[in-house]
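Novice: This is a predicted model, with the sequence first.
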Amino acid sequence: MRIGDVASAAGVSTRALRYYEQQQLIASSRSAGGQRLYTPDTVERVRWIQLLYAAGLSSRTIVEFLPCVHTGIAGPEMIARLRAERDRLDDHLRDLAATRARLDSVLASAESGATRPAAGRSVVSAPSSATP
(Lines give C-alpha, C1' and ligand atoms only; values in the text may rest on other atoms or scores of the structure.)
Protein backbone atom coordinates (compact mmCIF):
# COMPACT_ATOMS: atom_id res chain seq x y z
CA MET A 1 0.00 0.00 0.00
CA ARG A 2 1.22 3.50 -0.76
CA ILE A 3 1.45 6.16 1.93
CA GLY A 4 -1.71 7.97 0.82
CA ASP A 5 -3.71 4.75 0.87
CA VAL A 6 -2.59 3.91 4.39
CA ALA A 7 -3.20 7.47 5.57
CA SER A 8 -6.71 7.46 4.15
CA ALA A 9 -7.58 4.01 5.51
CA ALA A 10 -6.20 4.78 8.98
CA GLY A 11 -7.57 8.33 9.16
CA VAL A 12 -4.22 10.04 9.64
CA SER A 13 -2.08 12.37 7.58
CA THR A 14 0.87 11.26 5.48
CA ARG A 15 2.98 13.50 7.68
CA ALA A 16 1.89 11.43 10.72
CA LEU A 17 2.95 8.25 8.92
CA ARG A 18 6.38 9.69 8.16
CA TYR A 19 6.69 10.70 11.82
CA TYR A 20 5.68 7.21 12.97
CA GLU A 21 8.30 5.77 10.67
CA GLN A 22 10.93 8.16 12.06
CA GLN A 23 9.97 7.03 15.58
CA GLN A 24 10.27 3.38 14.46
CA LEU A 25 6.61 2.72 15.15
CA ILE A 26 5.99 1.52 11.58
CA ALA A 27 8.23 0.45 8.71
CA SER A 28 8.04 0.70 4.96
CA SER A 29 9.89 -0.56 1.95
CA ARG A 30 10.52 1.49 -1.17
CA SER A 31 9.25 1.03 -4.69
CA ALA A 32 11.60 1.26 -7.67
CA GLY A 33 10.52 4.92 -7.92
CA GLY A 34 11.34 5.58 -4.27
CA GLN A 35 7.76 5.67 -2.97
CA ARG A 36 7.04 4.31 0.48
CA LEU A 37 5.18 1.00 0.45
CA TYR A 38 3.44 -0.46 3.50
CA THR A 39 1.91 -3.84 4.21
CA PRO A 40 -1.88 -3.96 4.67
CA ASP A 41 -1.49 -4.66 8.41
CA THR A 42 0.08 -1.21 8.80
CA VAL A 43 -3.42 0.32 8.85
CA GLU A 44 -4.38 -1.61 11.99
CA ARG A 45 -1.00 -0.87 13.56
CA VAL A 46 -1.49 2.86 12.94
CA ARG A 47 -4.94 2.69 14.53
CA TRP A 48 -3.39 1.09 17.63
CA ILE A 49 -0.70 3.76 17.70
CA GLN A 50 -3.38 6.46 17.56
CA LEU A 51 -5.23 4.87 20.47
CA LEU A 52 -2.07 4.59 22.53
CA TYR A 53 -1.11 8.22 21.81
CA ALA A 54 -4.62 9.34 22.74
CA ALA A 55 -4.22 7.44 26.02
CA GLY A 56 -1.14 9.54 26.80
CA LEU A 57 1.65 7.12 25.97
CA SER A 58 4.90 8.43 24.51
CA SER A 59 6.44 7.23 21.25
CA ARG A 60 9.16 5.49 23.21
CA THR A 61 6.67 3.59 25.36
CA ILE A 62 4.56 2.67 22.34
CA VAL A 63 7.62 1.25 20.54
CA GLU A 64 8.26 -0.96 23.56
CA PHE A 65 4.61 -2.04 23.91
CA LEU A 66 3.74 -2.73 20.26
CA PRO A 67 5.42 -6.15 19.97
CA CYS A 68 3.38 -7.34 22.95
CA VAL A 69 0.21 -5.71 21.58
CA HIS A 70 0.58 -7.66 18.35
CA THR A 71 1.82 -11.00 19.67
CA GLY A 72 0.20 -11.13 23.10
CA ILE A 73 3.54 -12.34 24.47
CA ALA A 74 5.27 -10.52 27.32
CA GLY A 75 7.76 -11.28 30.02
CA PRO A 76 7.20 -10.45 33.70
CA GLU A 77 8.75 -6.97 33.42
CA MET A 78 6.59 -6.05 30.43
CA ILE A 79 3.48 -7.40 32.14
CA ALA A 80 4.24 -5.17 35.14
CA ARG A 81 4.66 -2.15 32.85
CA LEU A 82 1.43 -2.92 31.00
CA ARG A 83 -0.43 -3.27 34.31
CA ALA A 84 0.98 0.04 35.54
CA GLU A 85 -0.15 1.74 32.35
CA ARG A 86 -3.60 0.16 32.63
CA ASP A 87 -3.85 1.35 36.24
CA ARG A 88 -2.87 4.88 35.17
CA LEU A 89 -5.64 4.79 32.57
CA ASP A 90 -8.14 3.53 35.17
CA ASP A 91 -7.25 6.48 37.41
CA HIS A 92 -7.69 8.86 34.50
CA LEU A 93 -11.06 7.33 33.61
CA ARG A 94 -12.25 7.80 37.20
CA ASP A 95 -11.17 11.45 37.07
CA LEU A 96 -12.99 11.93 33.76
CA ALA A 97 -16.13 10.30 35.15
CA ALA A 98 -16.06 12.63 38.17
CA THR A 99 -15.62 15.63 35.89
CA ARG A 100 -18.51 14.50 33.74
CA ALA A 101 -20.71 14.05 36.80
CA ARG A 102 -19.95 17.62 37.90
CA LEU A 103 -20.77 18.90 34.42
CA ASP A 104 -24.01 16.93 34.44
CA SER A 105 -24.89 18.63 37.72
CA VAL A 106 -24.15 22.07 36.28
CA LEU A 107 -26.20 21.26 33.18
CA ALA A 108 -29.14 20.00 35.22
CA SER A 109 -29.07 23.10 37.34
CA ALA A 110 -28.75 25.42 34.35
CA GLU A 111 -31.45 23.64 32.36
CA SER A 112 -33.94 23.65 35.21
CA GLY A 113 -33.29 27.31 35.96
CA ALA A 114 -33.53 26.37 39.62
CA THR A 115 -30.32 28.09 40.56
CA ARG A 116 -29.94 31.72 39.61
CA PRO A 117 -26.63 33.05 40.92
CA ALA A 118 -26.41 36.59 42.12
CA ALA A 119 -24.43 38.94 39.91
CA GLY A 120 -20.76 38.02 39.95
CA ARG A 121 -21.29 34.67 41.70
CA SER A 122 -20.76 31.27 40.17
CA VAL A 123 -23.10 28.31 40.49
CA VAL A 124 -20.15 25.93 40.64
CA SER A 125 -17.59 26.47 43.34
CA ALA A 126 -14.01 25.39 42.97
CA PRO A 127 -13.08 22.15 44.73
CA SER A 128 -11.43 22.62 48.09
CA SER A 129 -8.40 20.54 47.12
CA ALA A 130 -7.73 20.37 43.42
CA THR A 131 -5.58 17.57 42.08
CA PRO A 132 -3.56 18.06 38.90
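Specialist: Received it, and whenever you're ready, just let me know what you need.
Novice: contacts and neighbour counts: CA atoms only from here.
Specialist: Fine.
Novice: Mind jotting down where the helices sit in the chain?
Specialist: Assigned helices in the chain, in chain order: 3-10, 14-22, 42-54, 59-71, 76-112 (criterion: DSSP state H).
Novice: Which positions within the third one qualify as buried?
Specialist: Judged by neighbour count (16 or more other C-alpha atoms under 10 Å), helix 42-54 contains these buried residues: 42-43, 45-46, 48-50, 52.
Novice: from those, which is closest to His70?
Specialist: Arg45 (8.5 Å; C-alpha to C-alpha).
Novice: Need the residue closest to the centroid of the protein.
Specialist: In the chain, the residue lying closest to the centroid (C-alpha atoms, centre = their mean) is Ala54, at 1.2 Å.
Novice: Just the pLDDT at it, thanks.
Specialist: Looking at Ala54, its pLDDT stands at 93.
Novice: measure Thr14 to Gly56 for me?
Specialist: The gap separating Thr14 from Gly56 is 21 Å, by C-alpha to C-alpha, to the nearest Å.
Novice: for Leu103, same thing?
Specialist: Relative to Gly56, and taking C-alpha to C-alpha, Leu103 is found at 23 Å.
Novice: do the same with Ala97
Specialist: For Ala97, the distance to Gly56 - C-alpha to C-alpha - is 17 Å.
Novice: And for Val69?
Specialist: 16 Å.
Novice: now swap in Ala110 and tell me
Specialist: Counting by C-alpha to C-alpha, the gap from Ala110 to Gly56 is 33 Å.
Novice: With Leu96 instead?
Specialist: To Gly56, Leu96 is 14 Å away according to C-alpha to C-alpha.
Novice: Buried ones in the helix or strand of the chain with the lowest mean pLDDT, by neighbour count?
Specialist: Here the helix or strand of the chain ranked lowest by mean pLDDT, DSSP states H and E is helix 59-71, holding a mean of 89. By neighbour count on 16+ other C-alpha under 10 Å, the buried set for helix 59-71 is 59, 62-63, 65-66.
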